[in-house]
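>>> I would like the atomic coordinates for the input below:
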Amino acid sequence: MDPTRNRNLIWLASTRSARPRAGETNLALAWDVAVAQMAAARRRGDRAGAARWEADADTLYVRITGRQPDE
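Model (predicted):
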């Protein structure tokens, strides 16, 4: 996953969609948090944690952009 490229695509997709209503999650922000948590888990050597956060980030990416993330 290339976080910089994906962040740019997510920003573009999120600016084209409506703002979240009250009580809804900001998916672009949630993706950014998932990527940060994945990186932190990798630095700690927590492969299982990193894999879980990467799966969350990938799911959010698909929801935001409508396409699979590039590996």
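>>> from now on I want contacts and neighbour counts done on CA atoms only, so please keep to that.
OK.
>>> just the helices in this protein please.
Counting by DSSP state H, the segments of the chain that form helices are 3-16, 27-44, 47-65.
>>> per-residue confidence averaged over the second one?
The reference is to helix 27-44. If you average the pLDDT over helix 27-44, you get 89.
>>> what's that helix packed up against?
Judged by 3 or more C-alpha pairs under 8 Å, 6 or more residues apart in numbering; DSSP states H and E, helix 27-44 is in contact with helix 3-16, helix 47-65.
>>> for it, buried residues please.
Leu27, Ala28, Trp31, Asp32, Ala34, Val35, Ala36, Gln37, Met38, Ala39, Ala41 (16 or more other C-alpha atoms under 10 Å).
>>> got TSV for these, with distance to Ala51 too?
Converted to TSV, those look like this (distance: C-alpha to C-alpha, whole Å):
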residue	distance to Ala51
Leu27	19
Ala28	19
Trp31	14
Asp32	15
Ala34	11
Val35	11
Ala36	13
Gln37	10
Met38	7
Ala39	10
Ala41	9
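>>> for these, which one is nearest Thr59?
Ranked by distance to Thr59 (C-alpha to C-alpha), the buried residues of helix 27-44 are led by Trp31 at 8.8 Å.
>>> so who does the closest residue to the closest one other than its chain neighbours touch?
With sequence-adjacent residues excluded and distances taken as C-alpha to C-alpha, 6 or more residues apart in numbering, Trp31 is closest to Ala57, at 5.3 Å. Listed by C-alpha atoms under 8 Å, 6 or more residues apart in numbering, the contact partners of Ala57 are Trp31, Asp32, Ala34, Val35.
>>> quick one on the thing from earlier: mean pLDDT lowest for which of the helices and strands packed on helix 27-44?
Mean pLDDT, when computed for each of the helices and strands packed on helix 27-44, is lowest for helix 3-16, at a mean of 59.
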